[in-house]
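K.L.:
model this:
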Amino acid sequence: YQRRVHGEAQPENRRAKGVDKMVLGRFIGRKVVAAALCGVTSLTTYQHLAAKAKETSGTCPPRPDLPTFTLAEVMQHDCREAGIWVSYKGAVYDISSFVDAHPGGTNRILMSAGRDMEPFWKIYTQHYRGHVIPWLERFRIGSLNSEDALKAADFTFTNPYGDDPQRDPDLLVTTPFPFNGEPVLSRLTENYHTPNELHYVRNHLPVPNLEDLDEYEIEITGEGVKNTVLKLGDIKHLFPQHTITTAMQCAGNRRDDFHSKDGRQIFISPHWIVGALSNAQWSGAKLRDVLKHAGLDVDGIALGTSNCPAAHIQFEAYDEDETGLNYGASIPIDKAVDPHGDCLLAYEMNGEELPPDHGFPCRALVPGHSGCRSAKWLKKIIVHSEESGRYWQQKAYRGFAPDISFEEDLSKWGTEPLRLDQAAISQEMPVQGLVCNPAPNTVIGGAPNEVEVKGVAWSGGGRGINRVDVSIDGGKSFTAAELIKPVRQSRRQEWGWTQFTKTVPLTAEAKSNLAKGEQVKLEVTCKAVDTAFNVQPENAEPFYNARGVVINHWYRVPVTIDPKSKETKIVDPPGRGQKFEKVGVGHRNKPSGGAFQAPWVHDNQGW
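P.N.:
Residues are numbered from 1 along each chain as shown. Predicted structure coming up:
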């Protein structure tokens with residue numbers, strides 16, 4: 001199973017061994033590139049979501065102003081030289097100028113070159129968000145006749161996520177493929193260390209099968225080191241075990257808050273709600289020790305006395321996309337060699353071997369930085385003068401200015417210049433505080449005199465939390481909460497989160513209304529202040545960015561006190577338990593009650 005991506009041979013995909021394969025032959029010039037895609041015969045719980053995704057009836061809206069093409073003509077446009085055409089429901093699009101801007105990466109969209117997108121979208125159901133197809137219409141150049149429209153989609157794209165692990169039901173699905181799930185927010189205050197099964201999961205690609213530890217190895221290469229290959233046993237026995245507690249947060253946590261701001265949409269997934277933040281204890285070898293073993297002058301680099309030209313540590317992982325391109329990211333070298341930086345090659349999580357979703361058997365662990373830098377299923381460490389060139393480093397997690405939009409700017413990546421010098425790549429994360437209890441849309445029964453508020457707070461870069469202020473009136477008044485942090489961590493190494501609690505009395509007016517039998521509406525929020533006195537901003541608008549990253553404005557929780565109710569309950573979001581295609585995935589963490597702003601199908605737009 002051999003690939004070519006941008007002219008470079010890709011390694012054999014080990015996951016293809018022993019499972020069904022499908023070969024998609026594509027003509028590029030006079031050469032055929034075979035794409036073998038992993039497949040399985042049974043559905044997992046999350047495949048079931050895709051299986052239920054609606055096959056919308058009918059074809060595309062008519063465009064009498066545009067020509068009709070044959071399927072053969074579309075299939076001829078399957079490479080950059082001929083132009084990249086795709087179809088969907090009979091509509092034909094020329095996306096040649098868009099392929100390098102595709103939010104899911106260039107290689108993936110090139111799989112559909114000259115083909116219909118529907119079989120791919122049955123797996124990647126995030127494309128059914130209500131804003132995607134209307135935006136795609138700008139690339140439309142024509143239509144297929146009805147017969148060719150049916151033929152175009154008559155092939156099978158086998159699900160490459162078939163042997164992904166099962167997940168806990170309290171991990172709320174943000175995207176099923178690749179799996180991304182956040183814990184029910186109210187559970188984050190149950191334990192200081194988030195249980196492994198509840199820790200948020202951010203996967204970019206299928207989970208690789210690395211159970212054969214005799215084959216597993218990590219290569220260290222690059223500037224200032226001798227080529228070194230380590231087995232998992234080497235990592236455990238050659239280097240002292242180091243244990244840290246750190247919170248980890250996806251750079252895109254709370255991304256859905258930026259969706260539809262001022263008419264602008266977020267065209268990258270997952271649309272996290274708020275829960276892509278967890279806290280765990282990790283054990284492994286210090287990255288610094290491993291680099292020193294490979295010959296790197298870690299002390300000289302840390303002290304500034306080394307002449308090593310390297311400035312970055314690149315990570316490559318074993319997880320691969322369908323074209324054989326594996327995940328990659330990088331961090332500044334000073335973080336890696338800092339004696340107090342606590343970067344690990346981690347092989348344990350909360351005292352147990354890493355679960356498959358969290359990088360078994362070994363992962364990079366970069367505390368204080370966005371989660372995407374802690375590459376899971378670690379394969380290679382490269383000491384280099386440049387950052388990783390992978391999409392996930394160079395494109396996915398940049399913080400652009402508020403006046404930059406995907407629709408008018410990022411969608412033209414590669415065809416028009418972008419000021420990347422004004423869009424830094426996320427590394428250290430800003431201060432974050434979240435109210436976890438009461439949960440969104442809680443109805444408190446009876447007529448209490450006070451409300452107990454609990455939550456979590458954290459800041460990147462090893463900064464601790466000085467204070468968390470809480471409010472039950474939407475921020476009109478605040479009071480300081482009690483802080484809870486059972487682990488002791490040194491200054492600039494405060495990787496673990498801080499939990500907080502506060503019992504806030506109701507106002508006299510609220511008590512009076514409850515006595516009259518009237519409901520009282522509360523808006524519970526908080527603002528965390530870190531040890532550098534950075535504080536969460538009140539509103540999102542000044543910090544809008546088109547990638548939806550490093551988001552930390554106040555998280556607001558709607559709560560109702562109902563004196564006529566005898567119990568406290570959470571009102572289920574509308575759509576929970578309903579069919580996936582009707583409302584998307586109902587999401588208990590969403591303050592709106594789980595309702596998405598637009599349906600996830602396009603029948604209401606003529607489809």
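
K.L.:
spatially nearest residue to residue 415 (excluding sequence neighbours)?
P.N.:
Setting aside the residues directly before and after it, residue 415 is nearest to residue 97 in space (Cβ to Cβ, 6 or more residues apart in numbering), at 4.9 Å. Quick note: C-beta positions are derived from backbone N, CA and C, even for glycine.

K.L.:
any idea how far the one you found lies from residue 404?
P.N.:
Shown here: residue 97 relative to residue 404, a distance of 18 Å by Cβ to Cβ, to the nearest Å.

K.L.:
out of the two, which sits in the more crowded spot?
P.N.:
For the pair residue 97 and residue 404, the greater number of neighbours falls to residue 404 (20 against 16), based on other Cβ atoms under 10 Å.

K.L.:
counting neighbours, what do you get for the nearest residue to residue 445 once chain neighbours are set aside?
P.N.:
Sequence neighbours aside, residue 565 is the residue nearest to residue 445 in space, at 3.6 Å (criterion: Cβ to Cβ, 6+ apart). Applying other Cβ under 10 Å, we find 14 other residues in the vicinity of residue 565.

K.L.:
my guess is residue 210 meets residue 361, correct?
P.N.:
Yes. Under the contact definition of Cβ atoms under 8 Å, residue 210 touches residue 361, with a separation of 5.9 Å.

K.L.:
just to revisit the earlier point, OK, contacts around the residue nearest to residue 415?
P.N.:
Residue 97 is in contact with 139, 412, 414, 415, counting by Cβ atoms under 8 Å, 6 or more residues apart in numbering.

K.L.:
mind redoing it with 10 Å?
P.N.:
With contact set as Cβ atoms under 10 Å, 6 or more residues apart in numbering, residue 97 has these partners: 83, 84, 139, 411, 412, 413, 414, 415, 416.

K.L.:
can you give me how far stretch 83-95 is from the chain middle?
P.N.:
Averaging C-alpha positions (Cα atoms, centre = their mean, to the nearest Å) puts stretch 83-95 28 Å from its chain's average.

K.L.:
please identify the buried residues of that stretch?
P.N.:
With burial defined by 16 or more other Cβ atoms under 10 Å, the residues of stretch 83-95 counted as buried are 83-95.

K.L.:
and stretch 416-434, by the same measure?
P.N.:
In terms of neighbour count (16+ other Cβ under 10 Å), stretch 416-434 has its buried residues at 418, 423, 425, 426, 427, 428, 429, 430, 431, 432, 433, 434.

K.L.:
need those in JSON lines (columns: pLDDT and distance to residue 106).
P.N.:
As requested, the buried residues of stretch 416-434 are exported to JSON lines (pLDDT from 0 to 100; distance: Cβ to Cβ, whole Å):
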{"residue": "418", "pLDDT": "94", "distance to residue 106": "15"}
{"residue": "423", "pLDDT": "98", "distance to residue 106": "18"}
{"residue": "425", "pLDDT": "97", "distance to residue 106": "18"}
{"residue": "426", "pLDDT": "97", "distance to residue 106": "21"}
{"residue": "427", "pLDDT": "98", "distance to residue 106": "24"}
{"residue": "428", "pLDDT": "98", "distance to residue 106": "28"}
{"residue": "429", "pLDDT": "98", "distance to residue 106": "27"}
{"residue": "430", "pLDDT": "98", "distance to residue 106": "30"}
{"residue": "431", "pLDDT": "98", "distance to residue 106": "34"}
{"residue": "432", "pLDDT": "98", "distance to residue 106": "32"}
{"residue": "433", "pLDDT": "98", "distance to residue 106": "37"}
{"residue": "434", "pLDDT": "98", "distance to residue 106": "35"}
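
K.L.:
could those residues be laid out in CSV, adding distance to residue 335 and secondary structure?
P.N.:
Rendered in CSV, the data for those read as follows (distance: Cβ to Cβ, whole Å; DSSP: H, G, I helix; E, B strand; the rest coil):
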residue, distance to residue 335, secondary structure
418, 26, coil
423, 20, coil
425, 13, strand
426, 13, coil
427, 8, coil
428, 9, strand
429, 13, coil
430, 17, coil
431, 19, coil
432, 20, strand
433, 24, strand
434, 26, strand
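
K.L.:
still on that earlier bit, farthest-separated two in the buried residues of stretch 83-95?
P.N.:
Across these, the two members that end up farthest from each other (Cβ to Cβ) are 83 and 89, 20.6 Å apart.

K.L.:
can you give me the helices in the stretch 101-250 of the chain?
P.N.:
Along the stretch 101-250 of the chain, the stretches classed as helices by DSSP state H, counting those that start in this stretch are 106-110, 118-121, 132-136, 146-152, 232-238.

K.L.:
tell me which of those sits nearest to residue 175.
P.N.:
Here helix 118-121 is closest among the helices of the stretch 101-250 of the chain (Cβ to Cβ), at 12.4 Å.
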